[in-house]
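J.: pasting the structure only:
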């Protein structure tokens, strides 16, 4: 056994047995969530975030028009300390990650590129031709893939139209640009 391997094995055993920390299965060094929240409150960290869209659009992804499940902090809290967010679906939020781009259209174009890269195999395949003559479980699988392709193409179309309308809108000014926000809400209301 090499140097330090004994500690790793003991640590892995403690975590597996659930005897390591305050929460079962967590390492002894992890603080419970309650303690982390109280530390943040003591430091005076502002945790009240504001959606920049109106109430009618809070349930729609601000990028693709799908059902919003997440908050996209378009100006990352860790860098800008502005409590602003846009509603986002989990796919768009996950693909964007912590990417910081100067304009809204750059953000949409980044999403288009990442959707095309992630689903390139699905987008290249001609499912209509493959469906001819297929039966049973293979047919159902091909139909599901064809539906996925249609869903992705719809997302890319909405992203393209939003990117065209929101050209030159700086993300740092988005919360004060009422004209751009009303144009975005108009597009999202059609989705």
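T.: Structure's in. What do you need? Because the structure is a prediction, the values reported are computed rather than measured.
J.: Could you point out the longest strand of this structure?
T.: Ordering each strand of the chain by length in residues (DSSP state E) puts strand 84-88 first.
J.: Against which helices or strands is it packed?
T.: On a contact count with 3 or more C-beta pairs under 8 Å, 6 or more residues apart in numbering; DSSP states H and E, strand 84-88 meets strand 50-51, strand 70-72. From N, CA and C alone the C-beta is placed, and that goes for glycine too.
J.: Would you single out the least confident of those strands?
T.: Ranked by mean pLDDT, these end with strand 50-51 in last place, scoring a mean of 66.
J.: Show me what the lengthiest helix in the chain is packed up against.
T.: Longest helix in the chain, counting residues (DSSP state H): helix 136-165. In terms of contacts (3+ C-beta pairs under 8 Å, 6+ apart), helix 136-165 is packed against helix 104-118, helix 120-124, helix 127-131, helix 178-189.
J.: How is the protein partitioned into domains?
T.: Segmentation of the chain into domains, based on automatic domain parsing, reads 1-32, 49-189.
J.: of all these, which gets the most neighbours per residue?
T.: Comparing the domains of the chain by mean neighbour count (mean count of other C-beta atoms under 10 Å), domain 49-189 comes out on top with a mean of 16.
J.: In the sheet, which strands lie alongside the longest strand of the chain, parallel or antiparallel?
T.: Using DSSP bridges, the strands paired with strand 84-88 are strand 50-51 (parallel), strand 70-72 (antiparallel).
J.: What lies in contact with the last one?
T.: Read that as strand 70-72. The contact list for strand 70-72 (C-beta atoms under 8 Å, 6 or more residues apart in numbering) reads 49, 51, 62-63, 85-90, 92-93, 96.
J.: Return the member of those residues nearest to residue 114.
T.: Closest approach to residue 114 among these (C-beta to C-beta): residue 96, at 7.8 Å.
J.: Quickly note the distance from that closest one to residue 153.
T.: Separation of residue 96 from residue 153 (C-beta to C-beta, to the nearest Å): 19 Å.
J.: same thing with residue 94?
T.: 19 Å.
J.: same question, residue 188
T.: According to C-beta to C-beta, residue 188 stands 18 Å off from residue 153.
J.: low pLDDT regions in the chain?
T.: For the chain, applying pLDDT under 70 flags the ranges 1-58, 191.
J.: how about a cut-off of 80?
T.: Scanning the chain with the threshold set as pLDDT under 80 gives 1-58, 76-83, 190-191.
J.: Of all the helices and strands packed on helix 136-165, which one is nearest residue 167?
T.: Relative to residue 167, the nearest member of these by C-beta to C-beta is helix 104-118, separated by 4.9 Å.
J.: Surely residue 115 and residue 156 touch.
T.: Yes: using C-beta atoms under 8 Å as the test, residue 115 is close enough to residue 156 to be in contact (5.9 Å).
J.: any shared contact partners between the two?
T.: With contacts defined as C-beta under 8 Å, 6+ apart, no residue is shared by residue 115 and residue 156.
J.: Residues contacting stretch 139-148, please?
T.: Stretch 139-148 is touched from outside by 119, 122, 125, 127, 128, 130, 131, 134, with contacts defined as C-beta under 8 Å, 6+ apart.
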